[in-house]
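A.B. asks: Compute the structure for the input listed below.
(one chain, ligands or ions: 1)
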Amino acid sequence: MNYNVLNKAIYDFFYSGNRINTRIKYFDLVSRLAYIIIENTDELTEKKFIKKVDINRSIELATEFFNEINPKYAERFLNILREKKKYGKRERYSVNFYKSDIQESLVDINGLVNININETIEDVFTIVHEMTHKLKMPYNQLSSISDYFEETASITIEFLLRDFLIEKNEFDYEEIMKYENNRFLDTLEGAGSIIFENILLNLYCENGNYINKKMIVNYLKQMDKDSKIGRLILKNQKYYLRNIIEANKLQFYMVRLYIIGTLLACDLYDKIKTDKKNIKSLFALIDKLGISSFEFESDLEMLQKLDIPIINPNAKPRFKLYRSYNKKRVGKLYDKFLDITEDDIERLTINYQKELNNLMNTNLKTK
Ligand SMILES: [Zn+2]
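C.D. replies: I've put the predicted structure just below:
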């Protein structure tokens, strides 16, 4: 392990860019969210999909699903599938299907969609997840809202897709639920990496801005092996460390999206189940996300109206004006647009537990 790279990654986290305080403040908030996940999740293991599903069937199902929740999305989905545009130097389809483990499923910065397929029911989840990211385009651009909420809509939609597939009765319930099992497993491992990185940051600061192997080993030695957090960190610490070193940066930047995304998705899904009309909040997130920034009062107000637990309803701008990245609007800086209260924690915990209990009951039955 190269500990110089680790020291540099931590140094960069604290000192690069000009959003130092924002970053550190929200690290604590995300750590608190990570604790909710770790404390409320039992051990999960990855599940492999076994039944073959033709890719064309998955595309049909995705179309039907979008059509059921919002016909406009189905229309856009089909248009995007047919669309050819210039990406870099050459003209390509906007959506490309791959059958390899090397190609990750994602929507890249230019809006090009890569979907990694394996001809199982997992494909329809991957398609719908990635296309939900893509639906907000062509307005894709950097935004501080998508910096935190990018995954929230995509994961909420996975829950709705799960219900749609169960209702269809075409596939085994257990096979469908494997996707959710793997989603919660990924989120749990991500939550562990947030806590692990929190430990690294503390050790680094306590030791005069320096960290080495011995400090980490000593810290891990005194962790409680029987606690959920201890078990998770001790099992995955090498993997977490390797990820930081390979990427040259903390995993926080990426992982926070899934921690926030999964918890808020459980919350929003519960609201939609309680009252179907709440699906409008999901549409607002899809349509507004990525074209919007917290720095703009009207955009923050819209988010505040959506009753999202970690959005601070009382955030007020500090009256400092500055030009945004796209130079089109003048934004304001907020002190605390994200905040978490004890009530938020309770609400997020309850809604997370609901989803997880449902999953664990299924896993028990199929053991
Ligand atoms: Zn995603």
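
A.B. asks: Need the per-residue pLDDT for Leu321.
C.D. replies: pLDDT, Leu321: 53.

A.B. asks: ok, which residues in the stretch 101-250 of the chain are in contact with the ion?
C.D. replies: Among all residues of the stretch 101-250 of the chain, those adjacent to the ion (criterion: CB under 5 Å from the ion) are Glu151, Ser154. From N, CA and C alone the C-beta is placed, and that goes for glycine too.

A.B. asks: In three-state terms, label the closest residue to Lys288 other than its chain neighbours for me.
C.D. replies: Spatial nearest neighbour of Lys288, excluding adjacent residues (CB to CB, 6 or more residues apart in numbering): Met302 at 6.4 Å. Following DSSP: H, G, I helix; E, B strand; the rest coil, the label given to Met302 is helix.

A.B. asks: Near Met302, how many other residues are there?
C.D. replies: 15 (other CB atoms under 10 Å).

A.B. asks: Does it touch Leu285 like I think?
C.D. replies: No: Met302 is beyond contact range of Leu285, at 10.0 Å (criterion: CB atoms under 8 Å).

A.B. asks: what residues are up against Asn212?
C.D. replies: Tyr3 (CB atoms under 8 Å, 6 or more residues apart in numbering).

A.B. asks: Is the residue lying closest to Asn2 once chain neighbours are set aside within a helix or a strand, and which one?
C.D. replies: Distance criterion CB to CB, 6+ apart; nearest residue to Asn2, sequence neighbours excluded, is Ile245 at 5.7 Å. Ile245 is located in helix 228-247, with elements delineated by DSSP states H and E.

A.B. asks: What about contact with the ion: does the helix or strand immediately after that helix in the chain have any residue there?
C.D. replies: Counting by DSSP H and E, the element after helix 228-247 in chain order, helix or strand, is helix 252-274. No: contact of helix 252-274 with the ion (CB under 5 Å from the ion) is absent, the minimum separation being 7.4 Å.

A.B. asks: State the mean pLDDT of helix 252-274.
C.D. replies: Summarised as a single mean, pLDDT over helix 252-274 is 96.

A.B. asks: Give the next helix or strand downstream of it.
C.D. replies: helix 279-288.

A.B. asks: That following helix packs against which elements?
C.D. replies: Helices and strands touching helix 279-288, by 3 or more CB pairs under 8 Å, 6 or more residues apart in numbering; DSSP states H and E, are helix 122-135, helix 144-168, helix 252-274, helix 297-305.

A.B. asks: what do you get if the cut-off is 10 Å, keeping everything else the same?
C.D. replies: helix 55-69, helix 71-82, helix 122-135, helix 144-168, helix 252-274, helix 297-305 (3 or more CB pairs under 10 Å, 6 or more residues apart in numbering; DSSP states H and E).
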